[in-house]
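Engineer: Here is a sequence together with a model predicted from it:
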Amino acid sequence: MHFLEQHYNKTIKNDLINKFYFKNEQKIPKLKKIVLNIGHKKSEISELAISSLFLELITNNKSCKLTASSKTNAFLKLRKGYPVGCKIILKKTEMYNFLFRLLNEIFPKIKDFEHTLFKSNIEQNSITYNLNNLLIFPEVEDYFSIFSNKLSSLSITLVATTKTKEEIQFLLNSFKIPIKS
């Protein structure tokens, strides 16, 4: 069990019960998964391979999936169903390991937090961050020649089992995850 999960079980759960008066333990909100997604405007195999390699490097996970376009775009020369990005879904221990790295290695490296990392969407059960500078990951610094100017932005979505925006804000603040208000 990861220590962030222990912190959730011992401290954050009690705080959530006291703040929102949960009577059933199954209804207490928790982090469900982290989705990492890189999308491209064109369907080029070389860009998709580099994005897939990038996601596998930063997560130590080999289960990268390609995402397909949902509609045809004649201007970009895309057909429906063509691969346009890749994503990895992290759950359980892998999720807590990546969250720990995000909080202790990646976020402190960002100097101008307001412009580099921004909240693009906060809903009742998820929050999405878009990270434009992907060369701040230590694994990528070693392979600068491969990744420079070939990656678009990384979308990091934290999904929880919350019902309201107040619950997800409280949960993320308890984990010390920065939220732009």
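Structural biologist: Cool, got the structure. A quick note: this is a predicted structure, and the numbers were derived from the prediction, not measured. Numbers count the residues shown, from 1 in each chain.

Engineer: Would you mind listing the outside residues contacting stretch 126-138?
Structural biologist: The contact list for stretch 126-138 (Cβ atoms under 8 Å, 6 or more residues apart in numbering) reads 54, 57-58, 105-106, 109-110, 116-122, 140-141, 144, 147-148, 151, 153-160, 168, 172, 179. (Each C-beta comes from the backbone N, C-alpha and C, glycine too.)

Engineer: Kindly report the same for stretch 170-181.
Structural biologist: For stretch 170-181, the external contacting residues (Cβ under 8 Å, 6+ apart) are 4, 8, 11-12, 15-16, 19-20, 29-31, 99, 103, 107, 113-114, 117-119, 122, 127, 158, 160, 162, 169.

Engineer: gap between the residue nearest the centre of the chain and Q124?
Structural biologist: Nearest to the mean C-alpha position of the chain, counting by Cα atoms, centre = their mean, stands I156 at 2.2 Å. Relative to Q124, I156 is positioned 18 Å away (Cβ to Cβ, to the nearest Å).

Engineer: Find the residue ranges of the protein scoring beneath the pLDDT cut-off.
Structural biologist: Where the chain drops to pLDDT under 70, the residues are 41, 43, 69-82, 111-121, 180-181.

Engineer: Would you state the strands of it in chain order?
Structural biologist: Secondary structure of the chain (DSSP state E): strands at 31-39, 65-68, 83-90, 117-122, 126-131, 154-160.
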